[in-house]
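*Asks:* got a predicted structure plus its sequence, pasted below:
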Amino acid sequence: MRLRPAGNLLRPFTLDNVCWRCSQQLQLRYAKPPTRAFARTFAPAKPAQTSQWKAGYFISNRLLPRAQDGSVPKHRSTSIAPDDATTRAKEHLPHRRRQAARRNATPATSLTGEESSTITSNSSNPSVASEHPLPQDASSALTTASAKHPAGSLRRQLSLLLSLSKPRLTVLVVLTAMAPYALYPVPAFLSPSIGLDTPSLSPLTLTFLTTGTALCSASANALNMLYEPAWDAKMSRTRNRPLVRGLLSERKALAFAILAALTGVGALYFGVNPTVAFLGAANIALYAGVYTPMKRISWLNTWVGAVVGGIPPLMGWAAAAGESATGDGSFRELLFTSDAAGGWLLAALLFAWQFPHFMALSWPIREEYKAAGHKMLCWVNPARNARVALRYSLLFFPLSIALCAVGVTEWSFAVTSLPVNFWLAREAVRFWRNEGFKGSARGLFWASVWHLPVIMVLALVQKKGMWGRVWRSVVGESDLEDEDEDEYDEDWITNEADEEPETVVPPVESK
């Protein structure tokens with residue numbers, strides 16, 4: 001093994017970043033240098049020669065000479081520092097370029113000096129910068145697209161009004177109202193003749209339910225944006241909203257919110273029933289009047305928001321129950337009977353889902369919530385934030401079994417829902433152990449995004465008694481309830497035939 005001489009005894013300064021073997025190959029190009037002290041003092045300066053090797057290629061060589069005190073020699077001060085070269089190399093990586101493009105996609109005109117300082121502080125924070133950015137929401141995407149159209153065009157105005165409604169959130173709310181409507185046990189006298197349960201008892205009622213629920217959700221979201229444009233401007237996920245950028249006046253936004261609320265509640269009242277209309281109006285009041293201002297008061301606002309998320313399943317269940325109600329269709333008859341247990345379980349499922357989803361969503365932007373003044377558990381108490389997400393993720397196991405026990409789904413649903421429930425629980429455990437770091441927040445977020453639709457589809461596919469009716473309709477077997485009714489009718493007809501009317505003989509009058 002050949003030992004490397006200390007210092008620059010056998011190589012000039014231009015090859016200071018070249019390894020020992022390469023310097024041996026180039027040794028013949030230079031005259032024998034004097035000793036180190038003599039070379040630094042009396043050696044004549046030689047013209048710089050270009051090496052055929054790039055200096056940065058050999059930076060990772062750990063055998064390069066160092067001074068005894070650990071500092072870099074003076075003649076090497078002009079060479080490329082390893083940290084600078086590594087940083088420049090990372091900047092050219094493909095995923096780094098994509099991340100930079102996403103950061104630069106936010107319009108610079110919508111940023112104020114305070115917002116720019118917030119972004120700089122967040123990017124300098126390693127705990128925040130290490131997290132992957134969340135996908136852009138639909139409201140920001142619609143606002144960016146609408147800015148490309150002329151100011152007075154109808155297309156631009158419609159896009160801005162649609163962005164006020166938070167389209168993705170509104171679609172999720174409508175779907176969570178439709179699923180319980182379809183899962184409601186259809187009475188035998190309302191079952192279709194072909195034996196297959198249709199997604200709704202009445203297509204007209206379903207139309208009014210979806211339209212009214214969507215308008216109520218749009219109204220609540222618009223009022224939410226009207227309340228906090230100043231704080232939305234301080235967060236990366238919300239600074240591109242139409243009211244923050246000034247693309248839509250507050251008067252138009254307020255008129256849209258009021259009109260959507262009146263139309264939505266009216267559609268639910270006249271097209272469905274008063275109980276569902278009351279739930280829709282209560283959802284608007286809770287979201288815009290309680291949850292939104294409570295975000296700046298207490299971290300318990302997340303629980304209020306979860307209650308708001310659990311109301312749409314009750315709306316769908318009450319709408320279906322009103323189709324077969326025999327009384328006045330009051331709140332007590334539709335939601336406070338033994339038959340309403342399934343609706344409350346579905347509401348509890350949506351209530352529990354809000355926590356792992358939002359706790360994971362808020363974690364990467366916790367510093368932005370803090371800068372904006374929102375009291376969120378992700379920065380107030382990160383450990384409790386992780387525990388809450390884990391606690392409610394484990395709640396899906398008993399909820400899935402309870403849906404089978406009350407007769408909403410078949411018992412096979414308790415088995416088929418295990419994999420997706422286990423996936424969510426596993427990601428929640430990782431989120432709890434790492435407290436959001438090491439990519440656990442992003443893993444839990446995407447697990448929650450996929451968990452809800454998968455659970456709903458599995459429940460719809462395994463609705464109680466649905467496949468039994470399909471089988472009997474295919475093979476031509478009649479339903480058991482139909483057979484009982486036919487036997488009852490035959491017995492009644494037989495009894496009527498056996499009973500002969502008594503002949504009344506008039507009395508004979510004596511003469």
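*Replies:* Great, that's in hand.
*Asks:* phi, psi for the nearest residue to residue 147 once chain neighbours are set aside please.
*Replies:* Counting by CB to CB, 6 or more residues apart in numbering, residue 147 lies nearest to residue 247, which is 6.5 Å off, once chain neighbours are set aside. In short, each C-beta sits where N, CA and C put it, glycine included. Phi and psi for residue 247, reported as degrees, to the nearest 10, are phi -80, psi -10.
*Asks:* try residue 375
*Replies:* Main-chain dihedrals, residue 375, degrees, to the nearest 10: phi -80, psi 90.
*Asks:* now do the buried residues in stretch 416-435.
*Replies:* 416-417, 420-421, 423-425, 427-432, 435 (16 or more other CB atoms under 10 Å).
*Asks:* and of those, the nearest to residue 475?
*Replies:* Closest to residue 475 out of those is residue 416 (24.7 Å), distances taken as CB to CB.
*Asks:* so that closest one makes contact with residue 462?
*Replies:* Yes: between residue 416 and residue 462 there is a contact under CB atoms under 8 Å: 6.9 Å.
*Asks:* contacting residues around the residue nearest to residue 147?
*Replies:* 143, 146-147, 160 (CB atoms under 8 Å, 6 or more residues apart in numbering).
*Asks:* sketch out the low-pLDDT regions of the stretch 101-250 of the chain for me.
*Replies:* The stretch 101-250 of the chain contains residues with pLDDT under 70 at 103-137, 187-201.
*Asks:* give the buried residues for the longest helix anywhere in the chain.
*Replies:* Longest helix in the chain, counting residues (DSSP state H): helix 203-227. By neighbour count with 16+ other CB under 10 Å, helix 203-227 contains the buried residues 205-206, 208-227.
*Asks:* same question, stretch 332-350
*Replies:* By neighbour count on 16+ other CB under 10 Å, the buried set for stretch 332-350 is 333-335, 339-350.
*Asks:* so which of these comes closest to residue 254?
*Replies:* Minimum distance to residue 254 across those is 28.9 Å, recorded for residue 350 (CB to CB).
*Asks:* tell me if that closest one really is in a helix.
*Replies:* Yes: looking at residue 350 with DSSP: H, G, I helix; E, B strand; the rest coil, it is inside a helix.
*Asks:* and the pLDDT for it?
*Replies:* Residue 350 is assigned 96 on the pLDDT scale.
*Asks:* what's near enough to touch it?
*Replies:* Residue 350 makes contact with 176, 309-310, 312-313, 452, according to CB under 8 Å, 6+ apart.
*Asks:* nearest to residue 238, out of those: which one, please.
*Replies:* residue 309 (19.2 Å).
*Asks:* returning to that earlier point: please name every helix or strand in contact with the longest helix of the chain.
*Replies:* The contact analysis (3 or more CB pairs under 8 Å, 6 or more residues apart in numbering; DSSP states H and E) places helix 203-227 against helix 154-164, helix 167-183, helix 242-245, helix 250-271, helix 274-284, helix 292-294, helix 301-321.
*Asks:* possible to save those helices as TSV with distance to residue 235 and mean neighbour count?
*Replies:* Putting those into TSV (distance: least, CB to CB, whole Å; neighbours: other CB atoms under 10 Å) gives the following:
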stretch	distance to residue 235	mean neighbour count
helix 154-164	16	19
helix 167-183	16	21
helix 242-245	10	24
helix 250-271	19	18
helix 274-284	24	22
helix 292-294	14	17
helix 301-321	16	24
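*Asks:* out of these, nearest to residue 138?
*Replies:* Nearest to residue 138, of all these, is helix 167-183, at 4.5 Å by CB to CB.
*Asks:* CA atoms only: put stretch 149-160 into CSV for me.
*Replies:* Output of stretch 149-160 as CSV, limited to C-alpha atoms (Å, rounded to 0.1, in the frame of the first residue of the first chain):
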residue,chain,number,x,y,z
HIS,A,149,-60.2,35.5,-19.5
PRO,A,150,-61.3,39.1,-20.0
ALA,A,151,-62.5,40.9,-16.9
GLY,A,152,-66.1,41.3,-17.9
SER,A,153,-66.6,37.9,-19.6
LEU,A,154,-69.3,35.5,-18.4
ARG,A,155,-66.9,32.6,-18.3
ARG,A,156,-64.6,34.4,-15.9
GLN,A,157,-67.5,35.3,-13.6
LEU,A,158,-68.8,31.8,-13.5
SER,A,159,-65.4,30.4,-12.8
LEU,A,160,-64.9,32.8,-9.9
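*Asks:* my guess is residue 408 contacts residue 340, does it?
*Replies:* No: look at residue 408 against residue 340 with CB under 8 Å: they stay out of range, at 11.1 Å.
*Asks:* against which helices or strands is the helix or strand just after the longest helix of the chain packed?
*Replies:* Once the chain leaves helix 203-227, the next helix or strand it forms, by DSSP states H and E, is helix 229-232. Applying 3+ CB pairs under 8 Å, 6+ apart, one finds that helix 229-232 contacts helix 242-245.
*Asks:* now what about the helix it packs on, what contacts it?
*Replies:* Identification of contacts with helix 242-245 by CB under 8 Å, 6+ apart yields 107, 109-110, 139, 143, 146-147, 160, 163-164, 225-226, 229, 232-233, 238, 248, 250, 253.
*Asks:* run the last query once more with 6 Å
*Replies:* Helix 242-245 is touched from outside by 110, 143, 160, 163, 225, 229, 232-233, 248, with contacts defined as CB atoms under 6 Å, 6 or more residues apart in numbering.
*Asks:* how about the strands in this protein?
*Replies:* In the chain, no strands are defined using DSSP state E.
*Asks:* before we move on, the earlier item: dump the contacts of residue 350 to CSV, plus distance to residue 261.
*Replies:* CSV is the format used below for those (distance: CB to CB, whole Å):
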residue, distance to residue 261
176, 19
309, 19
310, 20
312, 16
313, 21
452, 26
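*Asks:* list just the nearest of those to residue 99.
*Replies:* Set against residue 99, the nearest of those by CB to CB is residue 452 (28.1 Å).
*Asks:* now do the contacts for that closest one.
*Replies:* Residues near residue 452 by CB under 6 Å, 6+ apart: residue 353.
*Asks:* okay, the residue lying closest to residue 283 once chain neighbours are set aside: pLDDT?
*Replies:* Leaving aside its chain neighbours, residue 283 sits nearest to residue 311 (4.8 Å; criterion: CB to CB, 6+ apart). Listed pLDDT for residue 311 reads 96.
*Asks:* check the one 10 residues further on too.
*Replies:* The confidence metric pLDDT takes the value 90 at residue 321.
*Asks:* ok, it - contacts?
*Replies:* Counting by CB under 6 Å, 6+ apart, residue 321 has contacts residue 334.
*Asks:* ditto for residue 168
*Replies:* Contacts for residue 168 (CB under 6 Å, 6+ apart) come out as residue 138.
*Asks:* how about the contacts of residue 247, which pair is most distant?
*Replies:* Spanning the widest gap among the contacts of residue 247 are 147 and 160, at 9.2 Å by CB to CB.
*Asks:* sketch out the low-pLDDT regions of the stretch 401-511 of the chain for me.
*Replies:* For the stretch 401-511 of the chain, applying pLDDT under 70 flags the ranges 476-511.
*Asks:* sorry, back to before: can you list the contacts of helix 242-245 in JSON lines and add distance to residue 361?
*Replies:* Formatted as JSON lines, these follow (distance: CB to CB, whole Å):
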{"residue": "110", "distance to residue 361": "22"}
{"residue": "143", "distance to residue 361": "20"}
{"residue": "160", "distance to residue 361": "24"}
{"residue": "163", "distance to residue 361": "19"}
{"residue": "225", "distance to residue 361": "18"}
{"residue": "229", "distance to residue 361": "21"}
{"residue": "232", "distance to residue 361": "16"}
{"residue": "233", "distance to residue 361": "20"}
{"residue": "248", "distance to residue 361": "25"}
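*Asks:* could you work out the most separated pair of those residues?
*Replies:* 160 and 233 (16.8 Å).
*Asks:* ok so, going back, Serialize the buried residues of stretch 416-435 to JSON lines and add fields for distance to residue 395.
*Replies:* Putting the buried residues of stretch 416-435 into JSON lines (distance: CB to CB, whole Å) gives the following:
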{"residue": "416", "distance to residue 395": "18"}
{"residue": "417", "distance to residue 395": "13"}
{"residue": "420", "distance to residue 395": "14"}
{"residue": "421", "distance to residue 395": "10"}
{"residue": "423", "distance to residue 395": "15"}
{"residue": "424", "distance to residue 395": "10"}
{"residue": "425", "distance to residue 395": "10"}
{"residue": "427", "distance to residue 395": "15"}
{"residue": "428", "distance to residue 395": "11"}
{"residue": "429", "distance to residue 395": "14"}
{"residue": "430", "distance to residue 395": "18"}
{"residue": "431", "distance to residue 395": "15"}
{"residue": "432", "distance to residue 395": "14"}
{"residue": "435", "distance to residue 395": "21"}
